[in-house]
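Student: Structure for this input, please:
(one chain, ligands or ions: 1)
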Amino acid sequence: MRKKLLLIDPGHGGIDENGFYTSCPNPDKNNKNTWYKCMWNGDRWINEGDWNYQISASLIEMIDKIGDFDVDVTKYTQEDTSLDSRVKKEHELLPDLFLSIHFNYFSNYSVKGTEVFAYKNAGKGSRKAANIMARNLMLDIEEEPLRTESTERFYKEANYKVLRETKGSAILAELGFFSNSDTQRMMKYKEYQDKIVLSLYKSINQYFNELH
Ligand SMILES: [Zn+2]
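Tutor: I've put the predicted structure just below:
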């Protein structure tokens, strides 16, 4: 039996196709279009694309070391690539799962937590993988009181291009709020990043093991 293949899609990076400045050596604070994905965390400018890339790289490293499935990635550098090229790579490789990695942003900086998305008309595989990941992220990453007493958490529906136009099972994980200061503080620690990566790995493994 051939090994299962995971295709990781690190969201954003560099300057994205909408002109948003997602890498922030010198963002223009007066221009909302250039700073909305750049935040000052007390030490330095941070941006979502860098976090996505960092988590993706650590996940690939973990899979290379201990995974019994294969992994590829939609882009190899920290620069952005178009949504078309991300989808095209999925069409070429036809992976068993496409996982897009993101962090959320909200104008109310106190909002935090994780979310996992699948397309609104997603197939059974996408829905299953998304539910496994949504629940594990809640249990592994979130603190009380975000974790609900029922310990249930389900995926949310979205109409993102990378979910809509991919051919196989595809999910998108928002691994926390990049705009939240607690999350920014936690993300400085490798231990916290590793906790996220391990949770993702666990979910992917679980999903592949349940595939027939
Ligand atoms: Zn994003």
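
Student: CA only for contacts and neighbour counts going forward, please
Tutor: Noted.

Student: How about residues contacting stretch 199-210?
Tutor: Lys4, Leu59, Met62, Ile63, Lys128, Ala129, Ile132, Met133, Asn136, Leu137, Asp140, Ile141 (Cα atoms under 8 Å, 6 or more residues apart in numbering).

Student: Which positions within it qualify as buried?
Tutor: Neighbour counts over stretch 199-210 (16 or more other Cα atoms under 10 Å) mark Ser199, Leu200, Tyr201, Ser203, Ile204, Asn205, Tyr207, Phe208 as buried.

Student: same question, stretch 99-117
Tutor: Under the neighbour-count criterion of 16+ other Cα under 10 Å, stretch 99-117 has 99-105, 111-117 buried.

Student: Point out the least confident one among those.
Tutor: Scanning those for pLDDT, the low point is Tyr105. It has 85.

Student: got a list of what Met133 touches?
Tutor: By Cα under 8 Å, 6+ apart, Met133 lies in contact with Val116, Ser199, Leu200, Ser203, Ile204.

Student: would a markdown table of these with distance to Asn159 and secondary structure be doable?
Tutor: Below are the contacts of Met133 laid out as a markdown table (distance: Cα to Cα, whole Å; DSSP: H, G, I helix; E, B strand; the rest coil):
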| residue | distance to Asn159 | secondary structure |
| --- | --- | --- |
| Val116 | 13 | strand |
| Ser199 | 25 | helix |
| Leu200 | 22 | helix |
| Ser203 | 22 | helix |
| Ile204 | 22 | helix |
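
Student: Nearest to the middle of the protein, which residue? Look it up for me.
Tutor: Among the residues of the chain, the one closest to the centroid is Ile101, at 1.7 Å (Cα atoms, centre = their mean).

Student: And what about that residue, helix, strand or coil?
Tutor: strand (DSSP: H, G, I helix; E, B strand; the rest coil).

Student: Please tell me I have it right and it contacts Asp9.
Tutor: Yes. Under the criterion of Cα atoms under 8 Å, Ile101 makes contact with Asp9 at 6.0 Å.

Student: Find residues that contact each of those two.
Tutor: With Cα under 8 Å, 6+ apart as the test, Ile101 and Asp9 both reach Ser56.

Student: In contact with Thr114, which residues are there?
Tutor: By Cα under 8 Å, 6+ apart, the neighbours of Thr114 are Ala134, Leu137, Met138, Glu142, Ala173, Glu174, Leu175, Gly176, Phe177.
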